[in-house]
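A.B. asks: Sharing a model prediction with you, sequence too.
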Amino acid sequence: MIYALLKTVHVLSIIVWIGGMVFAHFCLRPAVAQLEAPVRLKLMHDVLGRFFKAVLTASLLTLGTGVWMLGRVAKQVVQSGGSFEMPLAWTVMAVVGTLMVAIFMHIRFALFKRLGRAVAASDWAAGGAALAQIRTWVSVNLALGVLVVVVALTRWTA
């Protein structure tokens, strides 16, 4: 029961994270591209601030539930006298997921702060540069997230 609940939280957190990146990259960004820099950057700062709060929660829930589920399976295998060897798909998901969290932390705590400082100072050129870097790293994380989903659904094996 607890495993199913944590797996549900895990998957829902991934849906929030990847879905939000798709929305921001393919819907929001093109829609605001027509706005003047001050309006666009202030809007994006406000929207991303809200989104990054959700992603912080989602990424930590994803990481925590993933570690717990791996530990639970490993413990059960060892307790039953077996030797736990993590499947390749799980290894890929764990490594890529951890990398995604690290990238998000860089986006949230370095690049987003840079955007915030630029918006506060009305430095629209610096804000545009920070937003471009955020967009690049969100694109990387989106590609990695899609990879993880493909790995999970195809269940790669060694």
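C.D. replies: Noted; the coordinates are in hand.
A.B. asks: for the longest helix along the chain, the distance to its chain's centre please.
C.D. replies: When the chain is parsed with DSSP state H, its longest helix is helix 37-79. With Cα atoms, centre = their mean, to the nearest Å as the basis, helix 37-79 stands 6 Å off its chain's centre.
A.B. asks: which other helices and strands contact the following helix or strand past that helix?
C.D. replies: Next helix or strand after helix 37-79 toward the C-terminus (DSSP states H and E): helix 88-106. Under the contact criterion of 3 or more Cβ pairs under 8 Å, 6 or more residues apart in numbering; DSSP states H and E, helix 88-106 touches helix 37-79, helix 124-154. All C-beta spots, glycine's among them, are computed from the backbone N, C-alpha and C.
A.B. asks: Buried residues, the last one. List them.
C.D. replies: Right, the one you point to is helix 124-154. 124, 126-128, 130-131, 133-135, 137-138, 141-142, 144-145, 148, 151 (16 or more other Cβ atoms under 10 Å).
A.B. asks: Quick check: which helices or strands does it pack against?
C.D. replies: Other helices and strands packing on helix 124-154, by 3+ Cβ pairs under 8 Å, 6+ apart, are helix 2-23, helix 37-79, helix 88-106, helix 112-120.
A.B. asks: State the mean pLDDT of the longest one.
C.D. replies: Averaging pLDDT along helix 37-79 gives 97.
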